[in-house]
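A.B. asks: Got a predicted model here, sequence first, then my questions.
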Amino acid sequence: MIELESGRLIIIDDDIESLTPMCDLLSRYGYLVAGYTSGKDALMELKEQTFDLLLTDLVMPEMDGISLLQDALTIDPSLIGIIITGMGTIQSAVDAMKVGAFDYMLKPLNYEMLRQILSRAISVRRLREAEKKYRSIFENAIGGIYQIAPNGRYITANLALSRILGYDSPEDLIMNLTDIERQLHVEPHRHREFIRHMRMNRVVQGFESQVYRKDGGKIWISENAIAVYGTNGKLLYYEGIVEDITERKKAEEELRRSREQLRNLSAHLQSAREKERMYMAREIHDELGQMLTALKMDLCWLNAKIPGDQKTLFTKTKSMSDLIDTAVKTVQRISAELRPGLLDDLGLAAAIEWQLGEFQKRTGIKCELTLDPDDIILSQDASTAIYRILQEALTNIVRHAHATLVRVCLREAADTIELEVADNGKGIIDEQLSSPQSFGLTGIRERVHLLQGSVRIVGINGNGTKINVNIPLNKGAEKNDKDLYC
């Protein structure tokens, strides 16, 4: 069984009796064959269609095979040309090779040898096509592409890389940048780290570093590279792709500064809000509370002066006294909600215990508290932040969870404080966790960030939500003293 080849052939021979059997035979081998007795007609066809191989007779009355091949290569430089003749000389073979002939065969043809030559020629043609495509990709790529020898010298580079680094051409780049570590990298240790990663892993992805341009300006680049080894295991070179990420870095830095400014503003607002709450709670408790107490005392004095037969007045003063008692309780409740005195007087553990008791009475949701140790002493700022985080968590549970049980655990380790709030409600979903409208969760995250801690919120459908907050005691204290409530 004959193994079929593939490829497009154009054959030119002024002898129709030689041309026809050759076309038929090569067609049976699997080639797509076009035959011509005129060189000019063949050149016209080459302008219209693409062929892989050209087989031409050397001696023809209208145009000799060497001139034909020369014109054909002008039309398609990647065309593979083979000269066939029965009247050739050594000089004609030399002339054919000079213009670019792939091979030179004498008539009468050995068809088995011809088939081998054609097969080899097709392989060369495919290789040239692949090289042409690679070269096109290499030269026209948006990203910079390079090959670097193990000693740090450029082997090759594309136009994009030369433009990224401020050079006019790849040749200019290679000639001027002979030693990357000495002339290119702003921080040579970063380049040494890059080489170390390459030798350890053979592949590096997204490696970022700062480099100099030709004009001395600094840019940020990101590299993806691979180490290429020979069959003997010896390192041959590194090859990689470079992307200019300077604008992205500027945007990231601007975003970082913007976030930092927003967080500083948030810290300032929280500080101002907490101070205002403390002031209002104190004013309400002290001023309004004292006035209500004085009013109660005056009412008691007035009640003592009323004659015994004035039952209507006794009833009225009793109603007023009850109303004052209700007002006093309201003042105490508002004052506690603004800033519980327990937090300042007895500490975080007592305030949390009181808050959970009030929450249970108000909502009917059972609360369980675990304190480890029983008495946890923190700075005022850290205590306030953790207390507010608990308040926000409880508010979310009332609004969204549909829970019947809340477990709160506050524990202290050697250098961290951990607050865990878990409920048995319906469970928070991912969309709620990432929603920009979840202001309560955002507030929790911001408070934790200001304390340089971490927060993890996990919801399981139908099995509740758990909020876990970890705050480093030393860092939190430092941050609080400086920024949180200044």
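C.D. replies: That came through fine.

A.B. asks: check contacts around Ser319.
C.D. replies: Shown in contact with Ser319 (C-beta atoms under 8 Å, 6 or more residues apart in numbering): no residues. The way it works is simple: take the backbone N, C-alpha and C, and place the C-beta from them, glycine included.

A.B. asks: Please give the element, helix or strand, for it.
C.D. replies: If you go by DSSP states H and E, Ser319 is part of helix 311-338.

A.B. asks: gap between that helix and the chain center?
C.D. replies: 61 Å (C-alpha atoms, centre = their mean, to the nearest Å).

A.B. asks: What are the boundaries of the helices in the stretch 251-400 of the chain?
C.D. replies: With DSSP state H, counting those that start in this stretch as the criterion, the stretch 251-400 of the chain has helices at 289-305, 311-338, 341-345, 348-363, 380-396.

A.B. asks: pLDDT on the longest one, on average?
C.D. replies: Right, helix 311-338. For helix 311-338, the mean pLDDT works out to 82.

A.B. asks: Could you figure out how far that helix is turned away from helix 289-305?
C.D. replies: 170 degrees (axes from the mean of the first three to the mean of the last three C-alpha atoms, to 10 degrees).

A.B. asks: mind listing what's buried in helix 311-338?
C.D. replies: Thr317, Ile324, Ala327, Val328, Val331, Ser335, Ala336, Leu338 (16 or more other C-beta atoms under 10 Å).

A.B. asks: nearest spatial neighbour of the first one, skipping sequence neighbours?
C.D. replies: Going back to what we said before, that points to Thr317. Of all residues not flanking Thr317 in the chain, Asn303 sits nearest, at 4.6 Å (C-beta to C-beta, 6 or more residues apart in numbering).

A.B. asks: how about that neighbour, what does it touch?
C.D. replies: Neighbour list for Asn303: Phe314, Thr317, Lys318, Ser321 [criterion: C-beta under 8 Å, 6+ apart].

A.B. asks: now Ile66
C.D. replies: Shown in contact with Ile66 (C-beta under 8 Å, 6+ apart): Leu58, Ile83, Ser92, Asp95, Ala96, Val99, Ala101.

A.B. asks: Do me a favour and get the end-to-end distance for stretch 434-454?
C.D. replies: End-to-end span of stretch 434-454 (C-alpha to C-alpha, to the nearest Å): 16 Å.

A.B. asks: give me the number of residues near Ile122?
C.D. replies: Neighbourhood size, Ile122 [other C-beta atoms under 10 Å]: 19.

A.B. asks: re earlier: which one among the contacts of Ile66 sits at the bottom for pLDDT?
C.D. replies: Ser92 (81).

A.B. asks: which secondary structure element contains it?
C.D. replies: helix 90-99.

A.B. asks: Which positions within stretch 46-62 qualify as buried?
C.D. replies: Leu46, Phe51, Asp52, Leu53, Leu54, Leu55, Thr56, Asp57, Leu58, Met60.

A.B. asks: can you check stretch 134-154 too?
C.D. replies: For stretch 134-154, a neighbour-count test (16+ other C-beta under 10 Å) marks Phe138, Gly143, Gly144, Ile145, Tyr146, Ile148, Gly152, Tyr154 as buried.

A.B. asks: closest to Met105 among those?
C.D. replies: Closest approach to Met105 among the buried residues of stretch 134-154 (C-beta to C-beta): Phe138, at 35.6 Å.

A.B. asks: so what's Tyr387 up against?
C.D. replies: Pro340, Leu343, Leu348, Ala351, Ile352, Gln355.

A.B. asks: What distance do you get for the last one to Val408?
C.D. replies: The span separating Gln355 from Val408 equals 9 Å under the rule C-beta to C-beta, to the nearest Å.

A.B. asks: Tell me where the model's unsure across the stretch 201-350 of the chain.
C.D. replies: Applying pLDDT under 70 to the stretch 201-350 of the chain flags residues 263, 267-268, 270-272, 274, 277-279, 281, 285, 336, 339-342, 344-345.

A.B. asks: please redo it, this time with the cut-off set to 90
C.D. replies: Residue ranges of the stretch 201-350 of the chain with pLDDT under 90: 201-204, 209-217, 227, 229-238, 253-322, 324-350.

A.B. asks: Give me the three-state assignment for the spatially most central residue of the chain.
C.D. replies: The centre of the chain sits closest to Gly206, judged by C-alpha atoms, centre = their mean, with a distance of 9.9 Å. For Gly206, the assignment made with DSSP: H, G, I helix; E, B strand; the rest coil gives strand.

A.B. asks: Chain neighbours aside, what residue packs nearest to it?
C.D. replies: Ser222 (5.7 Å).

A.B. asks: just to revisit the earlier point, which one of the helices of the stretch 251-400 of the chain lies nearest to Asn176?
C.D. replies: Of all the helices of the stretch 251-400 of the chain, helix 380-396 comes closest under C-beta to C-beta, at 56.6 Å.

A.B. asks: Following element in sequence after that closest one, please.
C.D. replies: strand 405-412.

A.B. asks: mind giving me the domain split of this protein?
C.D. replies: Domain assignment of the chain by automatic domain parsing yields the ranges 8-138, 141-244, 251-339, 346-484.

A.B. asks: Check which residues of stretch 400-420 are buried.
C.D. replies: In stretch 400-420, counting by 16+ other C-beta under 10 Å, buried: 400-401, 403, 406-408, 410, 412, 416-420.

A.B. asks: ok, back up a step: thought the residue nearest to the centre of the chain was touching Ile221?
C.D. replies: No - Gly206 lies out of contact with Ile221 (C-beta atoms under 8 Å); the separation is 10.8 Å.

A.B. asks: on that earlier part again, among the helices of the stretch 251-400 of the chain, which is nearest Glu276?
C.D. replies: Nearest of the helices of the stretch 251-400 of the chain to Glu276, taken as C-beta to C-beta: helix 311-338 at 8.8 Å.

A.B. asks: angle of the closest one against helix 380-396?
C.D. replies: Using the same axes, to 10 degrees: helix 311-338 against helix 380-396 is 110 degrees.

A.B. asks: If anything else comes up later, I'll come back, but that's it for now.
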